[in-house]
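Engineer: What would the 3D arrangement of this be:
(one chain, ligands or ions: 1)
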Amino acid sequence: MPARPVDVAALVAAARSGSPRAVARLISLVEDRHPALREVMAALAPHTGQAFVIGLTGAPGVGKSTTTTMLVAAYRARGQRVGILAVDPSSPFSGGALLGDRIRMQDHVLDPEVYIRSMASRGHLGGLSWTTPQALRVLDAAGCEVIIVETVGVGQSEVQVAGLADTTVVLLAPGMGDGVQAAKAGILEIADLFVVNKADRDGAAATVRDLRHMISLGDRTAPGLWRPPVVTSVASRGEGIDEVMEGLDKHREWLQSSGTLQQRRLARAADEIESIAVASLRARIGSLHEHAGLNRLATDVVAGRTDPYAAAEEVVAALT
Ligand code: GDP
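Structural biologist: Presented below is the predicted three-dimensional model:
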């Protein structure tokens, strides 16, 4: 089916002037890998680089949505425009329909200074690494000063979210064996701030203690390095949100003063370039397949007339 034509300039102008519909449409173009995407990205580029990206990850039910709602309220109280991207790496569905149950954000849905969007990343080549940075760019160009990327912590996704964010917040709850889980998942290396939510429940102090102990054993204790603070919260009552905000502000200051912000952003851009380049190479190899080139080489490898390295070299040579 041919893609619907898009008036990129008009759409970008509308998104920049604050139209939620235009922002939503641009993010849909990202998800659909619309042919106009390249033109969209070129038009957005000069308007990006302002947003501060916060990654929020943790197991289902730990309180991510509740915490996000509270953080949005805190940033709105500072007069900042906020974007929220809820990424579910396990879901093939995306768009507005899921928002009702994924994010309980009724407080903010009518606020024109808050953009909320849920995205699926399963089924996309490269998952988070492909679509999320481009969706972030849309929100950034639309004037969001803060963007919260909320991801369900399953396997690789929390590590990936760390790659996308300026500051990564890992949310835990007491009594879920979280401390041990966290260490296993490599979460200690990626967290810039730990929040032990549901501090109204038994075991919060023990979880905090476990985490602090693990941090003290890690390799992030050297002078000049950022040592992730551990704060507690009861997100459902808004308690501890000030401490979370303080942790976020301090980390941001450290990122700027240490030069880490620029380093992280460079690494992020390099990853994005690489994943786009790889996707484009894959597409070209795919078209080689269609033109029987790859089949011929495969036949030769199976028959022992050539080896896979030589065949791969031929493929690479044909691409350049
Ligand atoms: P998510 O799946 O990580 O996004 O978690 P939610 O934000 O949807 O929260 C899951 C459930 O825990 C909801 O019923 C919340 O109301 C509840 N909840 C969130 N924060 C707290 C808290 O600090 N204490 C308690 N007791 N419940 C909380």
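Engineer: Tell me how far stretch 233-244 lies from the chain's centre.
Structural biologist: 23 Å (C-alpha atoms, centre = their mean, to the nearest Å).
Engineer: ok, residues contacting that stretch?
Structural biologist: 63, 66-67, 69-71, 73-74, 169, 193, 195-200, 231-232 (C-beta atoms under 8 Å, 6 or more residues apart in numbering). Glycine gets a C-beta too; all of them are placed from N, C-alpha and C.
Engineer: one more time with 7 Å, if that's ok
Structural biologist: Under the contact criterion C-beta atoms under 7 Å, 6 or more residues apart in numbering, stretch 233-244 has outside partners 63, 66-67, 70-71, 74, 195, 197-200, 231-232.
Engineer: quick one: terminal-to-terminal distance for that stretch?
Structural biologist: Using C-alpha to C-alpha, to the nearest Å, the end-to-end distance of stretch 233-244 comes to 8 Å.
Engineer: Would that stretch count as contacting the ligand?
Structural biologist: Yes: contact between stretch 233-244 and the ligand, assessed by C-beta under 6 Å from any ligand atom, occurs at 234, 235, 236.
Engineer: Same list (the contacts of stretch 233-244) but as a markdown table, adding pLDDT.
Structural biologist: Putting the contacts of stretch 233-244 into a markdown table (pLDDT from 0 to 100) gives the following:
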| residue | pLDDT |
| --- | --- |
| 63 | 92 |
| 66 | 92 |
| 67 | 95 |
| 70 | 94 |
| 71 | 95 |
| 74 | 95 |
| 195 | 96 |
| 197 | 96 |
| 198 | 96 |
| 199 | 96 |
| 200 | 95 |
| 231 | 97 |
| 232 | 97 |
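Engineer: Give the ChimeraX command for selecting the buried subset of the residues you listed.
Structural biologist: The following ChimeraX line selects those of those that are buried, judged by 16 or more other C-beta atoms under 10 Å:
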select :63,66,67,70,71,74,195,197,198,199,231,232
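Engineer: Which of the contacts of stretch 233-244 fall in strands?
Structural biologist: Under the assignment DSSP state E, those contribute 195, 231, 232 to strands.
Engineer: now the last one: how far from the ligand?
Structural biologist: Just to be clear, that refers to residue 232. 9 Å (C-beta to the nearest ligand atom, to the nearest Å).
Engineer: Is that residue in contact with residue 193, as I believe?
Structural biologist: No: using C-beta atoms under 7 Å, residue 232 makes no contact with residue 193, being 11.9 Å away.
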